[in-house]
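Chemist: predicted model, plus sequence, below.
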Amino acid sequence: MHTKTTELELPFATPDVAAEMLRWLAYLGAERRMSPKTVEAYGRDMRQFLAFVADHRGGQVSLAVLMRLAPQDVRAFMAARRADGISGRSLMRALAGARSFARFLERNGKGRVAALGAVRAPKITKTLPKPLAVGAARQIADAELRAGEEREPWVLARDAAVLALLYGSGLRISEALSLRRGDVPAPGEGDVITVTGKGNKKRMVPVLRRVLELIADYVQACPHTLPGDKPLFVGVRGGPLSPRIVQLAMATLRGALGLPETATPHALRHSFATHLLARGGDLRSIQELLGHASLSTTQIYTEIDAERLLEVYRATHPRA
């Protein structure tokens with residue numbers, strides 16, 4: 001990721017602001033342990049904010065200019081970004097980035113940008129994840145559904161193992177594909193794996209024996225050598241498996257099972273959480289299993305479950 005922020009790259013800001021921004025981005029990556037992509041997005045959002053302020057106020061943005069910002073300046077920035085067609089979610093992230101920079105400045109004794117805290121964050125339309133039905137989620141890992149394809153049997157076994165892992169352990173696709181061969185026990189030799197999630201944070205998640213058996217079937221059939229310290233899931237040439245290949249496999253299964261477009265690999269993770277909750281799992285445990293930093297992120301699944309119950313109620317209640 002390109003994190004060097006210099007005066008040359010910020011012609012609309014003074015050197016003191018550029019220097020503080022460079023320190024802030026380094027802090028986000030090193031101490032807040034944000035992913036490189038998130039740090040890059042925050043940096044891009046902050047540059048857009050500074051560029052707007054420079055144009056809006058008619059001159060380079062210094063620390064003193066930031067401290068003198070009024071709430072109407074921030075609202076003008078939000079209105080301009082809305083006019084550019086960005087979504088409420090992107091605008092909320094832009095405002096979050098600017099507030100993070102402001103907090104960084106205040107903690108380091110550079111002053112307080114009060115205007116950013118005086119403006120409400122934009123409302124966003126919350127879209128609920130679309131979980132699969134239990135039966136469909138179980139069938140996803142059935143390699144026989146793709147038996148008619150002109151693909152090597154080991155490739156079908158690999159795809160079945162990956163998809164079973166996404167649903168069986170609630171993994172993100174990046175987490176499953178970053179597993180090394182040595183990270184996964186053989187069937188009967190363990191039932192937990194250690195996963196590296198967002199922000200390079202590790203967590204332990206349970207893995208079902210049936211999933212381990214599917215992985216073992218794939219490993220046995222794979223024509224490529226799979227050393228313990230190398231990726232578990234590989235492509236046809238033996239290199240790391242691309243997420244795109246897993247998405248294409250899921251698209252094929254959507255057709256075979258008659259599932260909607262919302263049935264993606266990530267929907268298997270949503271299905272894992274929703275199905276656990278429906279069977280009595282508690283939110284805090286599901287939060288740990290999913291690797292969510294905040295319980296509020298996990299609470300969206302209570303809304304999914306409530307929505308499902310309402311659908312059942314409306315379809316079956318004689319007075320509905």
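Modeler: Thanks, I have the structure now.

Chemist: quick one: least confident helix or strand in the chain?
Modeler: The weakest-scoring helix or strand in the chain, judged by mean pLDDT, DSSP states H and E, is helix 300-316 (a mean of 67).

Chemist: contact partners for Ile245?
Modeler: By Cβ atoms under 8 Å, 6 or more residues apart in numbering, Ile245 lies in contact with 159, 235. (Glycine included, C-beta is placed from N, CA and C.)

Chemist: is it in a helix, a strand, or coil?
Modeler: In three-state terms, and counting by DSSP: H, G, I helix; E, B strand; the rest coil, Ile245 is helix.

Chemist: and it, what pLDDT?
Modeler: On the pLDDT scale, Ile245 is placed at 95.

Chemist: so what does Thr196 look like in phi/psi?
Modeler: phi -100, psi 110 (degrees, to the nearest 10).

Chemist: any low-confidence regions in this structure?
Modeler: Residue ranges of the chain with pLDDT under 70: 1-8, 122-129, 303-313, 315-320.

Chemist: name the helices or strands packed onto the longest helix seen in it?
Modeler: Identified as the longest helix of the chain according to DSSP state H is helix 36-57. Here helix 36-57 touches helix 15-30, helix 63-67, helix 71-83, helix 88-107, going by 3 or more Cβ pairs under 8 Å, 6 or more residues apart in numbering; DSSP states H and E.

Chemist: what angle separates that helix from helix 88-107?
Modeler: Going by axes from the mean of the first three to the mean of the last three Cα atoms, to 10 degrees, helix 36-57 is angled at 80 degrees with respect to helix 88-107.

Chemist: ok, now which ones touch Phe104?
Modeler: The contact partners of Phe104, taken as Cβ under 8 Å, 6+ apart, are 20, 23-24, 27.

Chemist: ranking these by neighbours, who comes first?
Modeler: Trp24 (24 neighbours; other Cβ atoms under 10 Å).

Chemist: pretty sure it contacts Ala102?
Modeler: No: counting by Cβ atoms under 8 Å, Trp24 does not reach Ala102; the two are 9.8 Å apart.

Chemist: find the residues that touch each one of the two.
Modeler: Shared contacts of Trp24 and Ala102 (Cβ under 8 Å, 6+ apart): none.

Chemist: turn the helices and strands packed on helix 36-57 into CSV, columns for distance to Ala114.
Modeler: Formatted as CSV, those follow (distance: least, Cβ to Cβ, whole Å):
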stretch, distance to Ala114
helix 15-30, 17
helix 63-67, 8
helix 71-83, 8
helix 88-107, 9
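
Chemist: assumed Val195 was part of a strand.
Modeler: Yes: counting by three-state DSSP, one finds Val195 located in a strand.

Chemist: and Trp24, how far from Ala70?
Modeler: As for Trp24, its distance to Ala70 is 23 Å (criterion: Cβ to Cβ, to the nearest Å).

Chemist: let me redo that: Leu179
Modeler: To Ala70, Leu179 is 51 Å away according to Cβ to Cβ.

Chemist: if we can go back for a sec, buried residues in the longest helix of the chain, which are they?
Modeler: 38-43, 45-54 (16 or more other Cβ atoms under 10 Å).

Chemist: tell me which stretches of the stretch 101-250 of the chain form helices.
Modeler: 114-117, 134-139, 153-169, 173-177, 209-221, 243-257 (DSSP state H, counting those that start in this stretch).

Chemist: out of these, deepest packed?
Modeler: Most buried of the helices of the stretch 101-250 of the chain, by mean neighbour count (mean count of other Cβ atoms under 10 Å): helix 153-169, with a mean of 24.

Chemist: hang on, His292 is in a strand, isn't it?
Modeler: No: going by three-state DSSP, the assignment for His292 is coil, not a strand.

Chemist: how much space between the closest residue to Gly170 other than its chain neighbours and Arg57?
Modeler: Of all residues not flanking Gly170 in the chain, Phe272 sits nearest, at 3.6 Å (Cβ to Cβ, 6 or more residues apart in numbering). The spacing between Phe272 and Arg57, counted by Cβ to Cβ, is 49 Å.

Chemist: same check, this time on Gly291
Modeler: Taken as Cβ to Cβ, the span from Gly291 to Arg57 is 42 Å.

Chemist: for Leu232, same thing?
Modeler: Using Cβ to Cβ, Leu232 is found at 54 Å from Arg57.

Chemist: then Arg23?
Modeler: 23 Å.

Chemist: put the alpha carbons of stretch 206-220 into CSV.
Modeler: In CSV, the C-alpha atoms belonging to stretch 206-220 read as follows (Å, rounded to 0.1, in the frame of the first residue of the first chain):
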residue,chain,number,x,y,z
PRO,A,206,-14.5,-25.3,15.6
VAL,A,207,-14.5,-27.4,12.5
LEU,A,208,-16.9,-30.3,12.0
ARG,A,209,-15.6,-33.8,11.4
ARG,A,210,-17.6,-34.0,8.1
VAL,A,211,-15.8,-30.9,6.9
LEU,A,212,-12.4,-32.4,7.9
GLU,A,213,-13.3,-35.5,5.9
LEU,A,214,-14.1,-33.4,2.8
ILE,A,215,-10.8,-31.6,3.2
ALA,A,216,-8.9,-34.9,3.6
ASP,A,217,-10.7,-36.3,0.5
TYR,A,218,-9.4,-33.2,-1.5
VAL,A,219,-5.9,-33.5,-0.1
GLN,A,220,-5.7,-37.2,-1.1
